[in-house]
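Chemist: quick one, fold the following:
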Amino acid sequence: MSAQPTEAAATGRPLVVVDGVTLRFGGVVSLDDVSLEQHPGEILSVIGPNGAGKTSLFNCLTGVYTPQQGGITFASTRDGATREHSLVGMKPHDITRLGIARTFQNIRLFNALTAFENVKIGVEAHQRTGPVGAMLRLPRTRREEREGDARTLELLDFVGLRSRANEVSASLPYGGQRRLEIARALGTSPQLLLLDEPAAGTTGAEKIELAELIRRIRTEMGVMVLLIEHDMRLVMSVTDRVVVLNFGRVIAAGSPADVQRDPAVIEAYLGTAGTEGEAR
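Modeler: Predicted structure coming up:
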């Protein structure tokens, strides 16, 4: 699971570029001329109050929404070659194949399936066996199934759930379900993982485990992480850079320390002294 250097990483080019993206729903502007970049190996957080446009940004990056203005490019590295792709107008499944995966603010697991089966669904996204091969049980089909099973167990081990592989996902504790959703997303072999409020509803101990997992995703898997999160302790402990949205516009960007001191951020999101690091 060690990180592999890419051509883009060697040149220092940003792998993700959001350039002047504007998204409207009728008369409501959800994103207003939003621009940001994410560089190889970087953990980037997008923060802001409820309704700031954070999830809308994720939905634009993953093809759920198509912005009316602006561009989004992603430099995907496959088979040793790096190619730049415009994500605007692409279908979500095509973006997944390029190397972008996500989790959701509200957990979206297959509750009646086991933890193993949930992760296997993600792993199978990159398998090439078609209906005919599956019916005939061709040698390549059997090989892919063995490899997929091994990869699924490896990912369950990575998130600390291997011992619960055969348990129905709905029976897992809430923090375990969060980690299971991350494992399923990692099963698609992403270069960029989008985490939408992964700490929501978790305990203090689970937040500490989550922070360590996010760091390991970057250091051991070489996967960039783009994080939306309201828990400021978690954000400040794992993030390289922070972008702050308010009313759909970028109001600040920089290191966690710089953003914490920015008066516009304090007023819009962090609140006054005495919040003890938690967003209000």
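Chemist: can you report phi and psi for residue 103?
Modeler: phi -110, psi 180 (degrees, to the nearest 10).
Chemist: ok, it to residue 81 distance?
Modeler: From residue 103 across to residue 81, the span is 28 Å (C-beta to C-beta, to the nearest Å). Backbone N, C-alpha and C define where each C-beta goes, glycine included.
Chemist: those two: who's more crowded?
Modeler: residue 103 (24 against 9; other C-beta atoms under 10 Å).
Chemist: and for residue 93, the neighbour number?
Modeler: Residue 93, neighbours per other C-beta under 10 Å, totals 9.
Chemist: ok, now the one 3 residues further on?
Modeler: Residue 96: 21 surrounding residues under other C-beta under 10 Å.
Chemist: same check, this time on residue 21
Modeler: Using other C-beta under 10 Å: residue 21 sits among 26 other residues.
Chemist: correct me if wrong: it contacts residue 60.
Modeler: Yes. The pair residue 21 and residue 60 qualifies as a contact (C-beta atoms under 8 Å) at a distance of 6.0 Å.
Chemist: for residue 157, see how far away residue 185 is.
Modeler: 16 Å.
Chemist: I should have written residue 72 there, sorry.
Modeler: 34 Å.
Chemist: and those two? which has more neighbours close in?
Modeler: A direct count of neighbours by other C-beta under 10 Å for residue 72 and residue 157 places residue 72 higher, at 23 against 13.
Chemist: how about the nearest residue to that one, chain neighbours excluded?
Modeler: Sequence neighbours aside, residue 87 is the residue nearest to residue 72 in space, at 4.3 Å (criterion: C-beta to C-beta, 6 or more residues apart in numbering).
Chemist: and for residue 191?
Modeler: Closest to residue 191 by C-beta to C-beta, 6+ apart is residue 99, at 3.8 Å.
Chemist: count the neighbours of the one you found for me.
Modeler: Neighbours of residue 99 (other C-beta under 10 Å): 22.
Chemist: would you confirm that it contacts residue 190?
Modeler: Yes. The pair residue 99 and residue 190 qualifies as a contact (C-beta under 8 Å) at a distance of 5.2 Å.
Chemist: let me see the ranges of the helices in the stretch 51-200 of the chain.
Modeler: Along the stretch 51-200 of the chain, the stretches classed as helices by DSSP state H, counting those that start in this stretch are 54-61, 92-98, 115-123, 131-136, 139-158, 174-186.
Chemist: what angle sits between the longest one and helix 115-123?
Modeler: Between the axis of helix 139-158 and that of helix 115-123 there is an angle of 120 degrees, by axes from the mean of the first three to the mean of the last three C-alpha atoms, to 10 degrees.
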